[in-house]
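1. need a structure here:
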Amino acid sequence: MDIRASNITGSAPVLWVFLTLNFFYLTGCISGSVSAPVTHRSYSLNEHSRSYEVRRGDTLYSIAWQTRNNIKELASWNGIKPPYTIYPGQKISFSKKAKYKKKAPKVKKTVPYASKKNTVHHKNQKLKKNLKKTLKVRWQWPLKGSLDKKFSSKEGRDGIDITARKDVIVKAAADGKVVYSGSGLIGYGNLLIIKHNEEFLSAYGFNRRLLAKEGAFVKAGEKIAEAGLIAGQRKLHFEIRRKGKPVNPLHYLPPLK
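-> Reported below is the predicted structural model:
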């Protein structure tokens, strides 16, 4: 159909405006809602799953998150070493009884007296690593706003919803590394997961736009996303997990001002 400007007469302008607005609505330019559809590659995954075949786009962190497993334990059960790389078609077991062949332990060599300095250095390095693991995470609110929904383990709410006041910028709640950035987990929309140390992870769900890429190191207060729409309001769904299990964010965040 050839629509020319010179032929638009009578009711044609109304039709033209309607078609134009409908096009922008369908393409998401007017709605302003979460841009990515809430789809899930691993729709069958939950805390009761026994095993899972890795699909394209999955990460061990996203799988651990959905099944509420500790990333280190899950990796150990499946013989996966850091940086926890997995591949499509690989089978992941969620059983502690999963058996993998372990290499024979190496025979410890007797450290000669001359290498005493090296031994001390090694102990110091090990101490630093242990201290790093036990350092407390300094939390801050990821979005300026008001508390909408509270954490409730009884009602199945793993986190809190924060309604934005004016600024829709989502910021990292603490220093860490982005271990997931995408829209592959059902019920979270555009999601970011940040690893803070060996115990804590935080998640930022239903974003309009993700600003931090997977693998990036971020500082507390650094811009990582833009809040999306939840039930027609600009909100952020925020979670904290300790050793894979959801905990109440209000027990860690400073008092809301």
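2. Quick one, grab the pLDDT at Leu253.
-> pLDDT for Leu253: 96.
3. wait, doesn't Lys245 sit right on Arg68?
-> Yes. Lys245 lies in contact with Arg68 (C-beta atoms under 8 Å); the separation is 6.0 Å. Every residue, glycine included, has its C-beta placed from N, CA and C.
4. And these two? Which one has more around it.
-> A side-by-side neighbour count of Lys245 and Arg68, using other C-beta atoms under 10 Å, places Arg68 first with 16 against 13.
5. What are the boundaries of the helices in the stretch 51-200 of the chain?
-> For the stretch 51-200 of the chain, applying DSSP state H, counting those that start in this stretch gives helices covering 60-67, 71-77, 116-134.
6. Could you name the helices and strands sitting against the first one?
-> Which is helix 60-67. Helices and strands touching helix 60-67, by 3 or more C-beta pairs under 8 Å, 6 or more residues apart in numbering; DSSP states H and E, are helix 71-77, strand 176-182, strand 190-195, strand 200-210.
7. when you compare where the second one runs with where strand 200-210 runs, what's the angle?
-> Here strand 176-182 runs at 50 degrees with respect to strand 200-210, directions being taken by axes from the mean of the first three to the mean of the last three C-alpha atoms, to 10 degrees.
8. what angle do strand 176-182 and helix 60-67 make?
-> 70 degrees.
9. next one: the longest one
-> Taking the same axes, to 10 degrees, one finds that strand 200-210 is oriented at 100 degrees with respect to helix 60-67.
10. Mean confidence (pLDDT) on strand 200-210, please.
-> 97.
11. Neighbouring strands - and their directions - for it?
-> Here strand 200-210 is paired, per DSSP bridges, with strand 190-195 (antiparallel), strand 223-230 (antiparallel), strand 233-242 (antiparallel).
12. Deepest in the core, which of those is it.
-> strand 190-195 (a mean of 23; mean count of other C-beta atoms under 10 Å).
13. Show me the chain divided up by domain.
-> According to automatic domain parsing, the chain comprises the domains 51-93, 145-251.
14. Deepest in the core, which of those is it.
-> Buried most deeply of the domains of the chain, by mean count of other C-beta under 10 Å, is domain 145-251, with a mean of 19.
15. hang on, the earlier thing: could the domains of the chain go into JSON lines alongside distance to Trp139?
-> Below are the domains of the chain laid out as JSON lines (distance: least, C-beta to C-beta, whole Å):
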{"stretch": "domain 51-93", "distance to Trp139": "19"}
{"stretch": "domain 145-251", "distance to Trp139": "5"}
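16. so which of the ones you listed comes closest to Val137?
-> domain 145-251 (4.8 Å; C-beta to C-beta).
17. Next, the distance between the ends of the closest one.
-> With C-alpha to C-alpha, to the nearest Å applied, domain 145-251 spans 18 Å between its terminal residues.
18. Can you flag the weakest of the helices of the stretch 51-200 of the chain by average pLDDT?
-> helix 116-134 (a mean of 52).
19. got any ranges where the stretch 1-150 of the chain has weak pLDDT?
-> Low-confidence segments of the stretch 1-150 of the chain (pLDDT under 70): 1-44, 98-135.
20. switch the cut-off to 90
-> For the stretch 1-150 of the chain, applying pLDDT under 90 flags the ranges 1-50, 56-57, 83, 95-136.
21. and stretch 185-194, average pLDDT?
-> 94.
22. What is the end-to-end distance of it?
-> 15 Å.
23. Val247 - nearest residue in space that isn't next to it in sequence?
-> Distance criterion C-beta to C-beta, 6 or more residues apart in numbering; nearest residue to Val247, sequence neighbours excluded, is Ile240 at 5.4 Å.
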